[in-house]
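**Q** I would like to see how this sequence folds:
(chains A and B)
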Amino acid sequence: AQSVTQLDSQVPVFEEAPVELRCNYSSSVSVYLFWYVQYPNQGLQLLLKYLSGSTLVKGINGFEAEFNKSQTSFHLRKPSVHISDTAEYFCAVSPLTGGGNKLTFGTGTQLKVEL
Amino acid sequence: DTEVTQTPKHLVMGMTNKKSLKCEQHMGHRAMYWYKQKAKKPPELMFVYSYEKLSINESVPSRFSPECPNSSLLNLHLHALQPEDSALYLCASSQVRGSSLSGANVLTFGAGSRLTVL
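**A** As a prediction, this is how the structure comes out:
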């Protein structure tokens, strides 16, 4: 079984400041890793994914994340945030083998960008 | 076309009503999913269809009845729901595991159907 921990339920940040949203996971098998964003009253949109290869992954809207296997982390970063980045961010994992395509989500981090 | 379309966007129903949520995708994906999301919570998996056959049912009550009539459509039939079933219902689709690596496990979500049960 897999579990995902997003320790920060809310992260306030000023516009144009950098931000890091933390994600740690636990799994007995190797996993794929994802970050999804959910804007108010909308569905989930894929920000970026780590399937294999380079551990630094770049996504849409200037976001990037780094997979750290030894620390079982996949933190999301953006060097300069914009008001429009205000949203809920979910980290998720899926096992490489077995378990179908089941995604296990973290509890989410509300990013609030202020002027 | 890289979208998953869900209808209706909003639905209000009584506990004795029968209604359906619909989901459509034209990306050639052969895996489709229903998730339930309560306010301020992550999505919870309900059902997975693979090649139009139910492959995962996460112990969902029988008042929720999924149907996959073809490779592009996924329905969720609702009957005798309870107020605690009020939530955002999300549909998603993906390639089936075992197909191309780049598509495997990458779910595309619809905008959701917000259900209120009175």
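**Q** B:Tyr33 against B:Val96, yeah?
**A** No: counting by C-beta atoms under 8 Å, B:Tyr33 does not reach B:Val96; the two are 11.8 Å apart. For glycine as for every other residue, the C-beta is placed from the backbone atoms N, C-alpha and C.
**Q** need the residues touching each of these two.
**A** Residues touching both B:Tyr33 and B:Val96 by C-beta atoms under 8 Å, 6 or more residues apart in numbering or on different chains: A:Asn101.
**Q** the residue of chain A found nearest chain B - how many residues pack around it?
**A** Using C-beta to the nearest C-beta, A:Phe105 is the residue of chain A that sits closest to chain B, at 3.7 Å. Residues within reach of A:Phe105, counting by other C-beta atoms under 10 Å in any protein chain shown, total 21.
**Q** so which strand or helix has the residue lying closest to it once chain neighbours are set aside?
**A** Leaving aside its sequence neighbours, A:Phe105 sits nearest to B:Pro42 (C-beta to C-beta, 6 or more residues apart in numbering or on different chains; 3.7 Å). Under DSSP states H and E, no helix or strand contains B:Pro42.
**Q** in this structure B:Pro42 contacts A:Thr109, no?
**A** No: look at B:Pro42 against A:Thr109 with C-beta under 8 Å: they stay out of range, at 10.8 Å.
**Q** what is in contact with those two at once?
**A** Taking C-beta under 8 Å, 6+ apart as the contact rule, B:Pro42 and A:Thr109 both touch A:Phe90.
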